[in-house]
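Engineer: Attaching a predicted model along with its sequence, questions to come.
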2 protein chains.
Amino acid sequence: MQRTLCSALPTTPPGETVRLQGWVHRRRELATVAFLVLRDRSGLAQVVVRDGSALPPEETTVEVVGTATANPQAPGGIEITDPVVTPLTEPAATPPVELWRPELNASLPTLLDHAPVAWRHPAQRARWELAAASVRGFRSTLDAAGFTEVQTPKFVASATESGANVFEVDYFGRPAYLAQSPQFYKQQLVGVFERVYEVGPVFRAEPHDTVRHLAEYVSLDVELGFIDDHRDVLAVLREVVAGMVAGVHEHAPAAVERSGARVPVVPEEIPVIHFRDALAMVGAPEDEPDLAPEHERALGAWALEEHGSDFLAVEGYPMAKRPFYTHPEPGDGRWSNSFDLLFRGLELVTGGQRLHRPSAYDAAIRARGEDPATYAPYLQAFEHGMPPHGGFAIGLERWTARLTGVANIREVTLFPRDLHRLTP
Amino acid sequence: MQRTLCSALPTTPPGETVRLQGWVHRRRELATVAFLVLRDRSGLAQVVVRDGSALPPEETTVEVVGTATANPQAPGGIEITDPVVTPLTEPAATPPVELWRPELNASLPTLLDHAPVAWRHPAQRARWELAAASVRGFRSTLDAAGFTEVQTPKFVASATESGANVFEVDYFGRPAYLAQSPQFYKQQLVGVFERVYEVGPVFRAEPHDTVRHLAEYVSLDVELGFIDDHRDVLAVLREVVAGMVAGVHEHAPAAVERSGARVPVVPEEIPVIHFRDALAMVGAPEDEPDLAPEHERALGAWALEEHGSDFLAVEGYPMAKRPFYTHPEPGDGRWSNSFDLLFRGLELVTGGQRLHRPSAYDAAIRARGEDPATYAPYLQAFEHGMPPHGGFAIGLERWTARLTGVANIREVTLFPRDLHRLTP
């Protein structure tokens, strides 16, 4: 007999014999009858049992064969009667968190120490389902726009991109490093495919113990060639974020409900403010090199009030604070053709136009007091002809955290890794 | 003016002014006229130039504005006349390989040392386009079958899964290791989502210098719960491989042509042979613990001749050679409920049913002389109720190598990493 998913019960004809499989979500014994609430990936089902004392403990996996029976009070209008319940494993140990409660009431350490079990809670599972649906929307938007998905190496020979916070690996007896981003590789691959994206882990030896930093996170990276400037990149970013939102609505509507996520509306055009004007607006000194968190919050509030937008792009960040491959603003080299995208007052994306002329790389690297020879493998691509290009990177966990409103990014990461945590 | 892609020229009305962007693929000077062949991500275009000596060198990126003009001898029946050619960067250095030749004639070291440039060759680029299209087909098959995409940590606390060939990382002053596979995590997540997949890098400190091993490769991992046995896993694998083939046909038909790939037909049912019978067929001693490469080739030839199939599943590998989480064959514990999938006589996939009862894990770990406490974070999932489950992993590079018939897996890897190579 084919398996029936819980979600298919409402459309199952009453009287039919069905075979369900899942976890004992809840046992409930009343005076004259007992209920087994079964959980599978699609939802819950109510099973009516004569003798509740014979039921296996909660979280045990079971098979239930019984009769689909109409009952207006059952979820979906159908419950299972006259069941034969067969355990599929040994009786489960009592879960460290009460998974059957509508709310997941567990401290953060409990949640993280018992991740493989805590993620089973329907509201918690929903958070990841939102992440997965977002990634699906990310990819389908870019696939439709002529992008090629790439997979770039995580082992790199030198710690050149930023220099700080890299993990060192024993690579067959010599040192190698873990890539902090696919930046150099996605640029080189613009020289091949014009438009590329990658979804993969990046590694930061982040010594700070904050609610928004992880040692390993999932980066959604995009890079495209033949642009005029960073505004073309921003236009693609707008489509991508709209695609992620569409992905959530299309693939995870139930997860939106279960998680209580506030899914944003992406405006046709994301409002843009220049860094210079942003500083003035928040009353910061005009020589500030970056926006402080409270500035970002204030700007987010302004974008919502003034433009009705959860998103705000800040362009023109000072060159001094951007990486060496950043393209300056034509006419005023103090500013750059780069941007951050704020989502509800928090930085979600960094992007911009990159240098593409070999002589510009040479000058930029020398200006840092470094030797261009160190970058030889990367610079090959530019010497052999690169188009004007740019791109951006979205942190998946930050996106899901904002969507669900959790306080700590670890709550939306399947198995977070940080300064202190390397298990489970 | 909007950019026109080369592939859109055949449907462009003659006489229209168009704007193309791309690389100078080839300059050709004849007695009275010169040609610029322009390359973009979609193909090539022929541009007719009066004075060839003024053209920038090959691989320089340029913009061409000119008139679409009918010419039956031009590729696609349209060429560009009266062009204005504007370089988008400085004149490109001479490429280390001749990218304009129909065949990429370069030694493997040249190909690998100059990867960012060599990948621009249309036949070489096609190889990766096949890989990307395959991954797209992999995901869409699983998305449609109720699987959830997951992202699991690459930093792990111990080298427990196989013990050998792991990379050690300096993780904030203490040792951590790079995951050799998402095996433990995808199993734990079956406890959450029932059906999961992951596409991501795995790391093997592979000390052998062979044509089929890399220190880092892309693993397409699948795991699903509520199965009867490994045959259910094999049925999903059949759908997945068929989906990858469909992805290639749908998303990369031009790349099939450019690369000369031989795309297989996936039979409705993949033929299966038991390991015991496979040994007998190839004339190997019955106590051999594994199949040698020449055995795999002989079995592949047999599957093609007997079943007309490029694929053959060998099931029942001896328990002694399989990892501890492998489910034994009911009735004869010498054999396992696991399989390898051979594609054209080479191992492409390893998979099977896993143990799911906590007592079975306890016994299997003790039988290896190890302490189950070492595996505590992983074993949590089983103690709290897991379904019968199984899964498999496909090596992306091996798949593409077989598809394109290259001798060395490095030829289909964007930036390969091995014992000797850490750049570019």
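Structural biologist: Ah, there it is.

Engineer: average model confidence for the helix or strand where A:L341 lies?
Structural biologist: If you go by DSSP states H and E, A:L341 is part of strand A:338-343. Averaged across strand A:338-343, pLDDT comes to 98.

Engineer: Which strands and helices lie in contact with it?
Structural biologist: Judged by 3 or more C-beta pairs under 8 Å, 6 or more residues apart in numbering or on different chains; DSSP states H and E, the packing partners of strand A:338-343 are helix A:230-251, helix A:293-307, strand A:311-315, strand A:346-354. Placement of C-beta: from N, CA and C, glycine included.

Engineer: and the angle for that strand with strand A:346-354?
Structural biologist: 160 degrees (axes from the mean of the first three to the mean of the last three C-alpha atoms, to 10 degrees).

Engineer: CA-only coordinates of strand A:338-343 in CSV, if you can.
Structural biologist: Presented in CSV, the C-alpha positions along strand A:338-343 are these (Å, rounded to 0.1, in the frame of the first residue of the first chain):
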residue,chain,number,x,y,z
SER,A,338,29.9,50.3,-4.1
PHE,A,339,26.8,49.8,-1.9
ASP,A,340,25.4,48.1,1.1
LEU,A,341,21.8,47.0,1.1
LEU,A,342,20.0,47.5,4.4
PHE,A,343,17.1,45.3,5.2
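
Engineer: Does the helix or strand where A:P109 lies reach chain B?
Structural biologist: In this assignment (DSSP H and E), A:P109 forms part of helix A:108-113. No - with C-beta under 8 Å from any C-beta of the partner chain as the criterion, chain B is not reached by helix A:108-113; the gap is at least 8.6 Å.

Engineer: can you pull the contacts of A:Y361?
Structural biologist: A:F324, A:Y325, A:L355, A:P372, A:Y375, A:L379, A:F382 (C-beta atoms under 8 Å, 6 or more residues apart in numbering or on different chains).

Engineer: do A:L224 as well
Structural biologist: A:F147, A:V190, A:E194, A:R195, A:V196, A:D232, A:V233, A:V236, A:H389, A:G390, A:G391.

Engineer: try 10 Å
Structural biologist: Contacts here follow C-beta atoms under 10 Å, 6 or more residues apart in numbering or on different chains; on that basis A:L224 touches A:142, A:145-147, A:186, A:190, A:193-197, A:232-233, A:236, A:387-392.

Engineer: same check, this time on A:L346
Structural biologist: Taking C-beta under 10 Å, 6+ apart, one finds A:R212, A:P293, A:E296, A:R297, A:G300, A:D340, A:R398, A:A401, A:R402 in contact with A:L346.

Engineer: where does it sit relative to A:V265, distance-wise?
Structural biologist: 18 Å (C-beta to C-beta, to the nearest Å).

Engineer: three-state assignment of A:A360?
Structural biologist: What DSSP: H, G, I helix; E, B strand; the rest coil gives for A:A360 is helix.

Engineer: Mind pulling the model confidence for it?
Structural biologist: 98.

Engineer: For A:A360, grab the count of nearby residues.
Structural biologist: 18 (other C-beta atoms under 10 Å in any protein chain shown).

Engineer: Quick check: it touching A:P388?
Structural biologist: No - checked against C-beta atoms under 10 Å, the pair A:A360 and A:P388 is beyond contact range at 11.1 Å.

Engineer: which residue ranges form the strands in the stretch 151-300 of chain A?
Structural biologist: Ranges of strands within the stretch 151-300 of chain A are A:155-156, A:168-171, A:174-178, A:195-203, A:216-225, A:272-274, based on DSSP state E, counting those that start in this stretch.

Engineer: So which of those strands is nearest B:L108?
Structural biologist: strand A:155-156 (19.5 Å; C-beta to C-beta).

Engineer: Any residue of the closest one touching chain B?
Structural biologist: Yes - Strand A:155-156 comes into contact with chain B (C-beta under 10 Å from any C-beta of the partner chain), by way of A:F155, A:V156.

Engineer: Quick check: which helices or strands does that strand pack against?
Structural biologist: In terms of contacts (3 or more C-beta pairs under 10 Å, 6 or more residues apart in numbering or on different chains; DSSP states H and E), strand A:155-156 is packed against strand A:168-171, strand A:174-178.

Engineer: which one of those strands lies closest to chain B?
Structural biologist: strand A:168-171 (4.9 Å; C-beta to the nearest C-beta).

Engineer: So for that closest one, mean pLDDT?
Structural biologist: 96.

Engineer: Identify the residues contacting it?
Structural biologist: By C-beta under 10 Å, 6+ apart, strand A:168-171 touches A:154-157, A:159, A:175-178, A:203, A:205, B:166-171, B:175-178, B:203, B:205, B:215, B:417, B:419, B:422.

Engineer: hang on, the earlier thing: can you redo the helices and strands packed on strand A:338-343 as TSV with mean pLDDT?
Structural biologist: Listed next are the helices and strands packed on strand A:338-343 as TSV, based on pLDDT from 0 to 100:
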stretch	mean pLDDT
helix A:230-251	98
helix A:293-307	97
strand A:311-315	98
strand A:346-354	96
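
Engineer: Give me whichever of those is most buried.
Structural biologist: Across those, the average number of neighbours (mean count of other C-beta atoms under 10 Å in any protein chain shown) peaks for strand A:311-315, which reaches a mean of 24.

Engineer: can you give me the angle that strand makes with helix A:230-251?
Structural biologist: Going by the same axes, to 10 degrees, strand A:311-315 makes 160 degrees with helix A:230-251.

Engineer: thought A:A74 was touching A:I80?
Structural biologist: Yes - taking contacts as C-beta under 10 Å, A:A74 lies within contact range of A:I80: 8.8 Å.

Engineer: Overlap in contacts, these two.
Structural biologist: Common neighbours of A:A74 and A:I80 (C-beta under 10 Å, 6+ apart) are A:L9, A:A45, A:Q46, A:V47, A:V48.

Engineer: which one of the residues you listed sits closest to chain B?
Structural biologist: Nearest member of the shared contacts of A:A74 and A:I80 to chain B, counting by C-beta to the nearest C-beta, is A:A45, at 14.3 Å.

Engineer: you'd agree the closest one is in a strand?
Structural biologist: Yes - counting by three-state DSSP, one finds A:A45 located in a strand.

Engineer: ok, it to A:Q124 distance?
Structural biologist: For A:A45, the distance to A:Q124 - C-beta to C-beta - is 20 Å.

Engineer: Break chain A down into its domains, please.
Structural biologist: A:6-87, A:116-412 (automatic domain parsing).
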